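Undergrad: Quick one, fold the following:
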Amino acid sequence: MKKLALPIRLGIVISGCLIAFFLILSLFGLHTKPVFSLFNGFIVGFGIYEAIKFTKLELGDKFSYTIGFTTGIVSGFLATLIFTIFFLFYATEVEPAFLSSLLVVFKGNYNVGIGLVTFVVAIMGFATTVVLTLNCMQLFKKSRNIAQKA
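TA: Reported below is the predicted structural model:
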């Protein structure tokens, strides 16, 4: 459990930042514009980077690719899960008209329910987590390159 304490804490922090960003956008009425969700990648990426960095600092020479990858996946998946639950609560209880105003952006007559939109939010978060964790691990993995004589 001690191994997962840091990724869990940072996963909660990442989800808090995602929720805060969403609520700030909603204050200005911009939460229905999908283009702003691109910034979520920066928030999640920075959180995963910090989680892996702290884990590497904590473990030192015992740090491995597997440990770093697990740290990134756990923190990102937890953040995605918490944000998805918040999104579902927001779209159903706080602002019930949110879904219809979100789907107006897509020019078409879609018969989409909140379940499908929530599922898409979760899948996008999980995919972003995997890609960003693989990306961050390129910075932290041990190099196995052979030194060349000049």
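Undergrad: what's the neighbour count on Ile52?
TA: 27 (other Cβ atoms under 10 Å). From N, CA and C alone the C-beta is placed, and that goes for glycine too.
Undergrad: ok, the nearest residue to it once chain neighbours are set aside - contacts?
TA: Nearest residue to Ile52 in three dimensions, chain neighbours excluded: Gly68, at 4.8 Å (Cβ to Cβ, 6 or more residues apart in numbering). Going by Cβ atoms under 8 Å, 6 or more residues apart in numbering, Gly68 touches Ile52, Thr55, Lys56, Cys136, Met137, Phe140, Lys141.
Undergrad: now those as CSV including pLDDT?
TA: Converted to CSV, the contacts of Gly68 look like this (pLDDT from 0 to 100):
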residue, pLDDT
Ile52, 94
Thr55, 92
Lys56, 91
Cys136, 92
Met137, 91
Phe140, 83
Lys141, 78
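Undergrad: Which of the residues you listed ranks first by neighbour count?
TA: Ile52 (27 neighbours).
Undergrad: tell me which element the most centrally placed residue in the chain is part of?
TA: Central residue of the chain (Cα atoms, centre = their mean): Val44, 4.0 Å from the mean position. Using DSSP states H and E, Val44 maps to helix 38-59.
Undergrad: what about that helix, distance to the chain center?
TA: Helix 38-59 sits 10 Å away from the centroid of its parent chain (Cα atoms, centre = their mean, to the nearest Å).
Undergrad: What of stretch 51-66?
TA: Per Cα atoms, centre = their mean, the centroid offset for stretch 51-66 relative to its chain is 20 Å.
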